[in-house]
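# Below are the sequence and a predicted model for it; my questions follow.
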Amino acid sequence: MNSLYTWLHIGLGSFYRAHQAWYFNQLLRAGEHDWAIAAGNIRNDSEDTVDALIKQNGEYILETVTPRGERHHEVIKSIKKLLRWQPDLEPLINEGAQAQTKVIAFTVTESGYYLDTDYHLDINNASVKQDLKGGHETIYGTIAHILERRIANHAGPVTLLSCDNVRHNGDRFRDGLNEFLQLTQNLTVLEWVKDNVTFPNCMVDRITPKPEASLVARVAQKTGMQDNAPVMCESFIQWVVEDNFIAGRPNFERVGVELVKSVEPYEEAKIRILNVSHACIAWTGTLIGQKFIHESTQTGFIREIAYKYVTRDVIPCLGDQALDLEQYRDVVLDRFTNSHIKDTNQRVSADGFSKIPAMITPTLRECYARGVEPSATAVLPAMFYVYMQEWHKGRLPYEYYDGVLDKQSLHQMYEADDPIHLFATNPTLFGELANRPEFEQLMRKKIQSVYTLLS
């Protein structure tokens, strides 16, 4: 790479290539060449895509589509260095430890943070345990290795940027990393981080489904180019970032990135209104035999569940903000009806055991704090209970993915005499609400209402 500075991204998935890589491509088109992307993965489950991109010199076609079916194709050329996965992660660690690498960003999904309801590390998770012994299966172990090497190289300060749907993601990752370094007694890195690392919070948004099988052929037909690693996403895009980069950053203002003092109003709206509604729609749609998000959103009673949840509970909890939350709700639900995206319920349903404590429980808790029963919100974990009961019985129409799923314990829960009691009193899911009898009674009522609704 001939650029002055490197932006290293960990998690080279479709979302990253549809979102941040697009913004960097816009910078290139605007004549900004100081920064270049290097990218790779912690795990080896996407190396076919990496191989395809290497053969294409990192270039690929991004197809965007509006709710009205208007498609646009653009060649993305912003990924300048592709780092192949290998067991010791040496290419990734080495790149992160170079002096010209000024930002290390990552997209590892909500479950990739391994946090409980109190936002502490889940030290019982097998991957976390492995990394506490010196491994690099998680973002914490990987970053710890990079920072150790960076210190040895005298490479200077670096920004660590979380790009996932975790509330206060920069703060949460900072605290998780500090806890990890304390548990591993890595005091050298722990002290170095205090003065040499910043952790901006950020909010990212662009619905990006898993590429459908027909995408390669459609892109070839529309563009005349053979691309074996295209990406398709919605036309909407947003990136809001706390302007707290210790070692410099690209000139994002030129390409529409929103640099702010506080991301909180944006991320709260996005997490509670978009992400939670999305998941609820996916769980419910699956239970009535639907495959795609758009058809589930267009199903009257499903849309009504999401609408009532946002209107009755979320908007009163969030209160007065700079954002028009009612308008945001309507825009979000309209985006979900985009039939051309063909976003699947399977993709969106994932990681429920991370989404409930991080995204749903806060609204439940805040409703009680306001003296209001969270009736509309409680439908959502109730729906997830029934959804996972179908998983337990082997009746889901697809494989459910959850990075923190304990299959044995969940099967045992559903086989118990009173599984609803065990679910509603689970502190990992519901925090202090697990000790409140009125919450358990509410969950019993709502789970029964879901059975009735689906019967």
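Arrived safely. Numbering: from 1, shown residues only.
# quick one: the strands in the stretch 1-150 of the chain?
Taking DSSP state E, counting those that start in this stretch, the strands of the stretch 1-150 of the chain run over residues 5-10, 35-40, 60-65, 71-76, 79-82, 101-106.
# Quick one: mean pLDDT for stretch 379-396?
Mean pLDDT, computed over stretch 379-396, is 98.
# Contacts for it, please.
Identification of contacts with stretch 379-396 by CB atoms under 8 Å, 6 or more residues apart in numbering yields 276, 279-280, 283-284, 286-287, 305, 308-309, 349, 352, 356, 360, 364, 400, 410-411, 414, 419-420, 423, 429-430, 443, 446-447, 449-451, 454. Quick note: C-beta positions are derived from backbone N, CA and C, even for glycine.
# Narrow these to just the buried residues.
For these, a burial check counting by 16 or more other CB atoms under 10 Å picks out 276, 279-280, 283-284, 286-287, 305, 309, 349, 352, 356, 360, 364, 400, 410, 414, 419-420, 423, 429-430, 443, 446-447, 450.
# Which of those fall in helices?
Using DSSP state H, the members of the buried ones among the contacts of stretch 379-396 that fall in helices are 276, 279-280, 283-284, 286-287, 305, 349, 352, 364, 410, 414, 419-420, 423, 429-430, 443, 446-447, 450.
# so for stretch 51-64, what's the average pLDDT?
Averaging pLDDT along stretch 51-64 gives 97.
# swap in stretch 80-91?
Mean per-residue pLDDT for stretch 80-91: 97.
# Please apply the same query to stretch 19-35.
On average, stretch 19-35 scores 97.
# buried ones in it?
Of the residues in stretch 19-35, those buried (16+ other CB under 10 Å) are His19, Gln20, Ala21, Trp22, Tyr23, Phe24, Asn25, Gln26, Leu27, Leu28, Glu32, Trp35.
# any idea how far the second one lies from Gly11?
Relative to Gly11, Gln20 is positioned 10 Å away (CB to CB, to the nearest Å).
# Just the helices from the stretch 251-400 of the chain, written as ranges.
In order along the chain, the stretch 251-400 of the chain carries the following helices (DSSP state H, counting those that start in this stretch): 264-269, 276-287, 293-297, 300-308, 315-318, 325-336, 345-349, 352-355, 361-369, 375-392.
# do you know which of these lies nearest Gly112?
Nearest to Gly112 among these is helix 352-355 (8.8 Å), distances taken as CB to CB.
# And that closest one, what does it pack against?
Counting by 3 or more CB pairs under 8 Å, 6 or more residues apart in numbering; DSSP states H and E, the packing neighbours recorded for helix 352-355 are helix 276-287, helix 375-392.
# I'd like the distance from the longest one to the chain centre, please.
Average the C-alpha atoms of helix 375-392, do the same for its chain, and the two points are 21 Å apart (CA atoms, centre = their mean, to the nearest Å).
# hang on, Val59 packs against Ser78?
One correction, residue 59 is Glu, not Val. No: between Glu59 and Ser78 there is no contact under CB atoms under 8 Å: 9.2 Å.
# And those two? Which one has more around it.
The residue with more neighbours, out of Glu59 and Ser78, is Ser78; 22 against 15, by other CB atoms under 10 Å.
# mind listing what that one touches?
Contacts of Ser78 (CB under 8 Å, 6+ apart): Ala21, Trp22, Phe24, Asn25, Leu27, Leu28, Ala36, Ile37.
# Spatially, which two of those residues are the most separated?
Trp22 and Ala36, at 15.0 Å, using CB to CB across the contacts of Ser78.
# will you turn the contacts of Ser78 into TSV that also has distance to Ile293?
Listed next are the contacts of Ser78 as TSV, based on distance: CB to CB, whole Å:
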residue	distance to Ile293
Ala21	23
Trp22	21
Phe24	28
Asn25	27
Leu27	31
Leu28	32
Ala36	34
Ile37	29
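# nearest to Glu253, of those?
Distances from Glu253 to those, taken by CB to CB, are shortest for Leu27, at 10.4 Å.
# List the buried residues of stretch 87-96.
In terms of neighbour count (16+ other CB under 10 Å), stretch 87-96 has its buried residues at Leu89, Pro91, Leu92, Ile93, Glu95, Gly96.
# same thing with stretch 55-73?
Result for stretch 55-73 [16+ other CB under 10 Å]: buried residues Gln56, Gly58, Tyr60, Ile61, Leu62, Glu63, Thr64, Val65, Pro67, His73.
# just curious, which of those residues is nearest to Arg436?
Among those, Pro67 lies closest to Arg436 (CB to CB), at 41.2 Å.
# Would you enumerate the residues in contact with that closest one?
Pro67 neighbours (CB under 8 Å, 6+ apart): Glu234, Asp334, Arg335, Thr337, Asn338, Ser339, His340.
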